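Visitor: 3D, please:
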Amino acid sequence: MDNDFDVVVIGGGHAGVEAAWAACGMGARTALVTLAADTVAQMSCNPAIGGVGKGQIVREIDALGGLMGQAADATGIQFRMLNRSKGPAVWGPRAQSDRHAYAAWVQHALAHRHHLTVIQGEVTDIHVQANRVVGVTVRQTGSGIRDSESRRLSAKSVVITAGTFMNGHMFLGDRSWDGGRIDEPAVSGLSRALQNLGLTLGRLRTDTCPRLAAETIDYARCTPQHGDTTPTPFSFLTDRLDVRQLPCHLAATNPDVHRAIRDNAHRAPTRSGQLQSAGPRYCPNIETKIERFADKNAHPLFLEPEGRSTHWVYVNGLTTSLPEDVQEYVIHHIAGLERATIVRFGYAIEYDYAPPTQLRATLETKVVAGLFLAGQVNGTTGYEEAAAQGLVAGANAAAQTTGREEFVLRRDQAYIGVMIDDLVTRGITEPYRMFTSRSEHRLSLRADNADRRLTPLGRAIGLVTDDRWEKFATDQTALAEARTILHTTRRRGKTLWELLQRTGTDIGLSAFEDGKSFATASPCCVVERSTTQKDKARSNDGVTAECRLSQLTNEHPRAIESLFFDARYDGYMIRERQSLAMLADLEHKLIPRDLDYRLVKSLRHEARERLAAIAPRTLAQALRVSGITPADITVLAIHLAKNSKS
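Guide: Okay, here's the model as predicted:
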């Protein structure tokens, strides 16, 4: 039995899956330790991937060589592009997934991953020598294994992705019990191990929604919600989706339901004093909704099927831990649900997390080298946020074992970079969720251009496979040719405008003017045109160019569409780049890890304490630390410049 690994990943949720996948992709011999092998990649909450902000993260995971986008494409039962009424920068791809098929697809992928071993058991201790992690102890579980049988694994890096399992405790009305997920045990040894290493832990909570039996719902009294006629894939490897989509349905609460919830709110664990930790403010439970929006007579509910082979339906919008009798009353007084059978009641779960300001931008802990944390253990919520952290942590854990440079994404490179910088620099007071509004670079961090932004970075660190790289290169060649056509071909008639309408490309072009190139007819230019290009434009055959552009659009629709989106935003991007130019220089000014802030003359005492606690990687990150002023950064920059000269 092999007990010697480069990387050990603890936890088989979405963060653990991407961490193990990334580490193996970089050649690290990896062990994935999970309580139960058949629950790896389980969708324990809503079986859906993506959304506004979250969909961008899934595209970024995919562009870097991760699994989530491919799994969503392979197992989706409904696909919708959210926010289409707004600009492409805030469009959010979303897929309703088959929860069982999704987990099975991921488990199959992991089973065929080179360098990966899946071990069923619970990690009870983390071993450290000279302030560096060297391995873990696993209490094995499963058939044929004694409860007391332990196994020690050596490792150069360890990634903890324990989700809600660390001292997890669940609540339903006045009942409570230990557990990491429904019908699954909690773990306690991991929390003790982290505290013994010097990490501080806190408590957070999340609430879940009830599930209903589909055959007991009167769908005639609900409003159907269908997927897009032409579904958009998540993965850049997926050219098109040919899938039979299932409808979701809309229902709503009503004044009678609101009255019942108000009358029984004191029986909810969050109101009775049983449960006092913070939950996600942006996704409040139904008790809080009724109180916070007292003027509303109804709140929307989304009835979402959990798969093709299950009759379970997820009631999105009705998170609660109210007693069972109250949940029964609420469900049965909603139009269409009068005879619905509840197959699982909503419940709340409270768990340990490690405040993320204890981490570096690589997601490595500051107190122990080689120990990484990713996912809900860092105070985030959502499959997508967890998976993105897992990929970054797994890549950096593997990089340490091979002597490669650390992998850090900047805020201007990816939503993943925004999220991790927010976590390690600012910390959290409630479970963190990604929104497009969190990014000052959201016009350029679009879902459609994630491959252009990140696939070369993924290739550089070994995460992007040859087949993905070949497809990316082909798409970029087509994009470059299309860009040249747009900037070197003069318009003849309205052919291009009609072409763009036929391809369904919405780029907001105004009417073209005779004698102008296609690019200058758009609100802004994609690239600067040289004199040579202008001269060439006079001799080009417009009709031929239009035919070639049509061909490129048909062969590479997503790449060419992304080019048109560039044109739509180019004018705004110029202003964005100008406003952010000053900060860009600070992003490249690194701060030594071992800098003693006590030696920085003229730096305020409060600034010394805050900077020492966060240990920012760059001057730009230091400026984002709560309580730090531009004057503090000036003092710090002068100190670094002097020491650099000496």
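
Visitor: do I have it right that residue 321 meets residue 173?
Guide: Yes: using Cβ atoms under 8 Å, residue 321 is in contact with residue 173, at 7.2 Å. C-beta here means a position set from N, CA and C on the backbone, and glycine is covered the same way.

Visitor: looking at the two, which has the bigger crowd around it?
Guide: residue 321 (30 against 20; other Cβ atoms under 10 Å).

Visitor: next one: the more buried one from residue 176, what distance?
Guide: Going from residue 321 to residue 176 by Cβ to Cβ, to the nearest Å gives 10 Å.

Visitor: for stretch 249-269, list every residue counted as buried.
Guide: Across stretch 249-269, burial judged by 16 or more other Cβ atoms under 10 Å covers 249, 251-253, 257-258, 260-261, 264-265, 267-269.

Visitor: and the residue nearest to residue 598 when sequence neighbours are not counted, what is it in contact with?
Guide: Among residues not flanking residue 598 along the chain, residue 608 sits closest, at 6.2 Å (Cβ to Cβ, 6 or more residues apart in numbering). Residues counted as contacts of residue 608 (Cβ atoms under 8 Å, 6 or more residues apart in numbering) are 597, 598, 600.

Visitor: what of residue 305?
Guide: 77, 96, 214, 246, 248, 312, 313, 314.

Visitor: what touches both of residue 321 and residue 173?
Guide: 268, 269.

Visitor: any idea which helix or strand comes after whatever helix or strand residue 343 lives in?
Guide: Assigned by DSSP states H and E, residue 343 belongs to strand 342-344. Remark: after strand 342-344, the chain's next helix or strand is strand 348-353, criterion DSSP H and E.

Visitor: chain center to that next one, what's the gap?
Guide: 20 Å (Cα atoms, centre = their mean, to the nearest Å).

Visitor: ditto for stretch 334-349
Guide: The answer for stretch 334-349 is 29 Å, by Cα atoms, centre = their mean.

Visitor: can you check stretch 564-579 too?
Guide: For stretch 564-579, the distance to the chain centre is 25 Å (Cα atoms, centre = their mean).

Visitor: for it, buried residues please.
Guide: 564, 565, 566, 567, 568, 569, 570, 573, 576.

Visitor: need those residues in JSON lines with secondary structure, can you?
Guide: Output for those, formatted as JSON lines (DSSP: H, G, I helix; E, B strand; the rest coil):
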{"residue": "564", "secondary structure": "helix"}
{"residue": "565", "secondary structure": "helix"}
{"residue": "566", "secondary structure": "helix"}
{"residue": "567", "secondary structure": "helix"}
{"residue": "568", "secondary structure": "helix"}
{"residue": "569", "secondary structure": "helix"}
{"residue": "570", "secondary structure": "helix"}
{"residue": "573", "secondary structure": "helix"}
{"residue": "576", "secondary structure": "helix"}
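
Visitor: between these, which is nearest residue 452?
Guide: The shortest approach to residue 452 among the buried residues of stretch 564-579 belongs to residue 566, at 9.4 Å (Cβ to Cβ).

Visitor: any regions of the stretch 101-250 of the chain where pLDDT drops low?
Guide: Along the stretch 101-250 of the chain, segments meeting pLDDT under 70 span 142-148.

Visitor: what about the strands in it?
Guide: In the stretch 101-250 of the chain, the strands defined using DSSP state E, counting those that start in this stretch lie at 116-129, 132-140, 150-154, 157-160, 169-172, 175-178, 202-207, 211-213, 223-225, 248-252.

Visitor: I'd like the ones you listed written out as a markdown table, with distance to residue 387 added.
Guide: Output for the strands of the stretch 101-250 of the chain, formatted as a markdown table (distance: least, Cβ to Cβ, whole Å):
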| stretch | distance to residue 387 |
| --- | --- |
| strand 116-129 | 17 |
| strand 132-140 | 22 |
| strand 150-154 | 24 |
| strand 157-160 | 13 |
| strand 169-172 | 24 |
| strand 175-178 | 26 |
| strand 202-207 | 17 |
| strand 211-213 | 23 |
| strand 223-225 | 26 |
| strand 248-252 | 23 |
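
Visitor: out of those strands, which one sits most buried?
Guide: Comparing the strands of the stretch 101-250 of the chain by mean neighbour count (mean count of other Cβ atoms under 10 Å), strand 157-160 ranks first with a mean of 30.

Visitor: sheet partners, orientation included, of that one?
Guide: strand 7-10 (parallel), strand 371-373 (parallel) (DSSP bridges).

Visitor: what about the protein, any weak spots by pLDDT?
Guide: 1, 142-148, 489-546, 578-580, 582-584, 645-646.
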